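K.L.:
From the sequence below, what's the structure:
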Amino acid sequence: MKVGITERVYNLGELLALPKRTSSAGFKGTGIQSVAPSNQTQGGKRVKRFIVGTNGTTPEQDSTFLTLVKAHWPDIGWWHRLGGTWLFVDPNDLMVDAVELRDIAKEAFPYVNLVVFDIPEGSTWAGFGVGQDFAWIHSWWE
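P.N.:
Numbering: from 1, shown residues only. This next block holds a predicted model:
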């Protein structure tokens, strides 16, 4: 049996324009929070940032994904402290777009739902954790 897979590339503006939904907890919003602005340039050039979100993956799949990413972009910065969430920073501006990263993720995570976001300049983030969970983000993402 062949499973139908839908692939669509959305820009952030399209995502923000989607209708807002109310969760079971009654929170209304898009799920985007603003707290710490990020500095998205180094030496005058854009530093590309991506977020990859996946459904449940295995440690073996995670290792394969990181190996594939590093094979394509050896100097990539990465963070993976929240289950199905990966953050990537490309200080050399070698990554082309979200589609390229999605294709590598599809290879490592077959039959797993995933999404890749190219984070635009001026984006913000907020988080909560203990210890040094966000030290990498403060060093690389901002």
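K.L.:
show me where the chain has strands.
P.N.:
21-22, 28-29, 36-37, 41-42, 45-46, 48-54, 77-82, 85-90, 114-119, 124-125 (DSSP state E).
K.L.:
Which among those strands is found nearest to Ala98?
P.N.:
For Ala98, the closest of those is strand 114-119, at 4.2 Å, according to CB to CB. No exception for glycine: its C-beta is placed from N, CA and C like everyone else's.
K.L.:
Relative to that closest one, what are the paired strands and their orientations?
P.N.:
Strand 114-119 has the following sheet partners, assigned by DSSP bridges: strand 48-54 (antiparallel).
K.L.:
residues in contact with the strand it pairs with?
P.N.:
With contact meaning CB atoms under 8 Å, 6 or more residues apart in numbering, strand 48-54 is reached by 38, 40, 84-90, 93, 95, 98, 101-102, 105, 109, 112-119, 123, 141.
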